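**Student:** sequence and predicted structure below; questions after.
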Amino acid sequence: MPFVQFAARLAERQQAGLLRSRRQIDSPQGAHIQIGGRQLINFCSNDYLGLANHPAVVQAAQQGAAEWGVGSGAAHLLAGHFGPHQALEDRLAKFVGMPAALGFSTGYMANLAVITALVGRGDAVFADKLNHASLNDAVALSRADFKRYPHQDMAGLERMLAASTAPRKLIVADAVFSMDGDIAPVAALLALAEQYDAWLFLDDAHGFGVLGDGRGTLAEFGISAPRIIYMATLGKAAGVSGAFVAGEQVMCDWLLNTAHSYVYTTAMPPLLSCAMQASLDLIAAEPWRRTRLAGHIAAFRTGLQDCCELLDSNTAIQLILLPDNDSTIRIAKALFERGIWAGAIRPPTVPTPRLRITLSAAHSDDDVAALMGELKALL
Ligand SMILES: *Cc1c(COP(=O)(O)O)cnc(C)c1O
């Protein structure tokens, strides 16, 4: 029984209502999905614009497969860097208004790349306490000193920066916080980065495609600066897969030369870069998707503000705070039985239990009304 210790620990998690499991979905990603022979309205995905199964994106992927095959067959620095990869990087850099961009297979790997390539032993990373787990893992791997400031606390961050004598300082924050839905104060972060000669790394996994006319959180605030390193993922609002890092050319060149999660991994299939270019066309050309999403967000918040505790979020990520794990699971289950899928998010993923609802342009007004009706009945 070589793993018996884990059986006991899994049992403990089950007792505490913290055991994780997966649900098998039997239809493509979308506002309406099929699970176990039942149709559900899906408020659990990050497909904020409804592009994951868009016919033009699917067709670009099929055409990409016909033209370029499936596997890339090698890492980018060997024989794995194809025309569609380069074309996508060029377009993404232009789209977000940065000098250069570098593509990655996942956001997790892009975050590992940036942090481990830019800082090391003796340097310091200043990170929001509620940053995504991939950013925290990256800091551990970098061996830099890890200073975590309370969520969105600029005074706390400034005290840490002022006290630091590290030769290289990197401020790291989610641009849109994945489990809270709020937006980082980008201008204040940049001002502190400039005052204390730090770099600023923003993870815009949930802002790209949605904020700033689709160009992301920096565009939303009209902010750019050479010391900013920008990362966005392509598997959420963009509906495809992968990620990119954008910023100064020399910074991207450094990552390309030294980041292990860039160098020592097979390039993503070029067909996905083809699909992503079709997605980028739609992100740019169809602002109605963002308008519709904004309408859903407003309707949801107005409809529910008096009957539950909503976190302060104007993004697609909406949170209803609940008193404990059990009630969170109970309400998520009851919603599920009524044909509505929302996420029950519990510690250790977040400090306090909550129902996480992600809205999408793919939802109809009726979908959102159905969600609100059931929530009002249950809360
Ligand atoms: C999803 C996510 C990631 C990881 O991106 P993947 O492409 O899914 O690996 C990184 N940061 C944040 C904030 C995320 O929400």
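**Tutor:** Cool, the structure landed. Numbering: from 1, shown residues only.

**Student:** first vs last residue of stretch 350-368, how far apart are they?
**Tutor:** Terminal residues of stretch 350-368 are spaced 25 Å apart (CA to CA, to the nearest Å).

**Student:** for Glu194, grab phi and psi.
**Tutor:** With angles defined as degrees, to the nearest 10, Glu194 sits at phi -70, psi -40.

**Student:** burial count for it?
**Tutor:** When neighbours are counted by other CB atoms under 10 Å, Glu194 registers 12. For the C-beta atoms, the positions are set from N, CA and C on the backbone; glycine is no exception.

**Student:** distance-wise, check it relative to the ligand.
**Tutor:** Glu194 sits 24 Å away from the ligand, going by CB to the nearest ligand atom, to the nearest Å.

**Student:** Arg227 is in contact with that residue, correct?
**Tutor:** Yes. The pair Glu194 / Arg227 is scored as a contact, 7.1 Å apart, by CB atoms under 8 Å.

**Student:** now do the contacts for the residue of the stretch 251-379 of the chain found nearest the ligand.
**Tutor:** Nearest residue of the stretch 251-379 of the chain to the ligand: Ile317, at 9.3 Å (CB to the nearest ligand atom). With contact set as CB atoms under 8 Å, 6 or more residues apart in numbering, Ile317 has these partners: Val176, Phe177, Ser178, Met179, Asp180, Gly181, His206, Arg356, Ile357, Thr358.

**Student:** and the helices in the stretch 101-250 of the chain?
**Tutor:** Along the stretch 101-250 of the chain, counting by DSSP state H, counting those that start in this stretch, helices occupy 107-118, 133-142, 154-163, 186-195, 217-221, 249-258.

**Student:** so what's the residue of the stretch 251-379 of the chain closest to the ligand bridging to?
**Tutor:** Going by DSSP bridges, Ile317 is paired in beta bridges with Thr358.

**Student:** any idea how far Val210 is from it?
**Tutor:** As judged by CB to CB, to the nearest Å, Ile317 and Val210 stand 10 Å apart.

**Student:** spell out which residues of the chain are next to the ligand.
**Tutor:** Proximity of the chain to the ligand (CB under 6 Å from any ligand atom) is limited to residues 106-108, 111, 132, 134, 174, 178, 203, 205-206, 233, 235, 243.

**Student:** fine, thanks again, bye for now.
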